[in-house]
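Colleague: Dropping the sequence and predicted coords here.
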Amino acid sequence: MKYKLNGYTNHTGGAYGVDTYGCIIGIEYGFNNHNHYRPYDNIKLSKKLRDKGLKPIILDEYSIKQNRHRVNKILGTNYQDNIAGNLQARNYHQVSNSHTV
């Protein structure tokens, strides 16, 4: 069965686990639009994605700062400029750029 997949984009963090395997399985079915977002201070994709020749989309410091501010405001949290806070900002970016989750 053929699917019309070229109008869709997979927004992930390019991490180990579902980000990696969802992308690899999608490629096997002809789904080739993948955006793997990484924060500027943690740019490495999983090895399996790198082995497929995929590259991350690096979110710059300004974008991460803005997204972290939005997350903190929405959730009433105080994520800082560190790996945990910047991954939360990256997650916000993924969801805010998606039509569905």
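Modeller: Received the coordinates, thanks.
Colleague: report the longest strand in the protein, please.
Modeller: In the chain, taking DSSP state E as the definition, the longest strand is strand 34-39.
Colleague: Touching that strand from outside, list them.
Modeller: Strand 34-39 is contacted from outside by 9-14, 19, 23, 26-27, 44-45, 49, 54-59, 64, 83, 86-87, 89-90, 93-94, 97, using C-beta atoms under 8 Å, 6 or more residues apart in numbering. Glycine gets a C-beta too; all of them are placed from N, C-alpha and C.
Colleague: Emit the PyMOL select command for whichever of the residues you listed are buried.
Modeller: Listed next is the PyMOL selection for buried residues among the contacts of strand 34-39, using 16 or more other C-beta atoms under 10 Å:
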select buried, resi 10+11+12+13+14+19+23+26+45+49+54+56+59+64+86+87+89+90+93+94
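Colleague: Please name the spatially closest residue to Leu87 (chain neighbours excluded).
Modeller: Distance criterion C-beta to C-beta, 6 or more residues apart in numbering; nearest residue to Leu87, sequence neighbours excluded, is Pro39 at 6.5 Å.
Colleague: how many neighbours does the one you found have?
Modeller: Per other C-beta atoms under 10 Å, the neighbour tally for Pro39 reads 26.
Colleague: which residues pair with it across the strands?
Modeller: Beta-bridge partners for Pro39, by DSSP bridges, are Leu59.
Colleague: Can you give me the distance of it to Thr9?
Modeller: Pro39 sits 19 Å away from Thr9, going by C-beta to C-beta, to the nearest Å.
Colleague: Could you do Leu59 as well?
Modeller: The gap separating Leu59 from Thr9 is 16 Å, by C-beta to C-beta.
Colleague: What segments of the chain are strands?
Modeller: Using DSSP E, the strands of the chain run over 10-12, 34-39, 57-59.
Colleague: TSV please, covering these and showing mean pLDDT.
Modeller: Putting the strands of the chain into TSV (pLDDT from 0 to 100) gives the following:
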stretch	mean pLDDT
strand 10-12	87
strand 34-39	92
strand 57-59	95
